[in-house]
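[1] Could you work out the structure for the sequence below:
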Amino acid sequence: MAQHGHHVASSQKALMLEMKSLQDEPVEGFKITLVDESDMYNWEVAIFGPPNTHYEGGYFKARIKFPVDYPYSPPAFRFLTKMWHPNIYENGDVCISILHPPVDDPQSGELPSERWNPTQNVRTILLSVISLLNEPNTFSPANVDASVMYRKKQVVGTKAEAERDGVKVPITLDEYCVRTLIPPTDDGSNLLYDDYYDDEELDDDDEEDNEDCCYDDSGTEDS
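    From the prediction side, this is the model:
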């Protein structure tokens, strides 16, 4: 029991120092408060969606829940706002390597160095969350549908660039074959038009997308 008391004292001290540091030098785009003034182990985070991302102008709430042996074990980070993002689970849990305990787990495809260690802190977590919103990892999605949507959105996002360059992107197979000098070959190089063809053939493509995103129900994923 004495051991437990020691953990609580040292983790509370660590958390108070971190809270002070974040108040003195805030991380851009975040507002942090305690859920309850008497409990250092539950933080509420408000995140402002980063400009030039799909989340621009958004206001998202999250909770960080710390274990009593923090910083030796990682906290849990969960969004309260419904998030549509490839690396955020339905229940709001965020899937980032640094929030995984530092056990050597060859199954996960993560190096122990990418996982939690006591030099990580709330600041590094917040920066990881922001970079996740900026650049989702669509190859190991926690939310398969969001990943498929996101990839389709990325394609849609390229259309403006094509217009700026005065390029008309072929949408249908017919247009593609007429306007493209290189005829599609049988060895798969006609995959070029798949991304654009996606919009027409949504249902067929979803099946394929789901298969190749290294996702399984046990919650492990490659990073």
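
[2] Just the strands from this protein, written as ranges.
    Taking DSSP state E to define them, one finds strands in the chain at 30-34, 42-48, 59-65, 76-79.

[3] Can you convert those strands into TSV and add a column each for distance to Leu15 and mean neighbour count?
    The way it works is simple: take the backbone N, C-alpha and C, and place the C-beta from them, glycine included. Compiled in TSV, the strands of the chain are given as follows (distance: least, C-beta to C-beta, whole Å; neighbours: other C-beta atoms under 10 Å):
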stretch	distance to Leu15	mean neighbour count
strand 30-34	9	15
strand 42-48	8	18
strand 59-65	10	17
strand 76-79	14	18
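
[4] nearest spatial neighbour of Val94, skipping sequence neighbours?
    With sequence-adjacent residues excluded and distances taken as C-beta to C-beta, 6 or more residues apart in numbering, Val94 is closest to Phe77, at 4.7 Å.

[5] ok, that neighbour touching Lys61?
    No. Checked against C-beta atoms under 8 Å, the pair Phe77 and Lys61 is beyond contact range at 11.9 Å.

[6] Give the residue spans of this structure that score low on pLDDT.
    Across the chain, residues meeting the criterion (pLDDT under 70) sit at 1-3, 104-108, 139, 154, 169-223.

[7] Where is the longest helix in it?
    The residue-count maximum for a helix in the chain (DSSP state H) belongs to helix 2-24.

[8] in that helix, what counts as buried?
    By neighbour count, with 16 or more other C-beta atoms under 10 Å as the criterion, the buried positions of helix 2-24 are His7, Ser11, Gln12, Ala14, Leu15, Glu18, Met19, Leu22.
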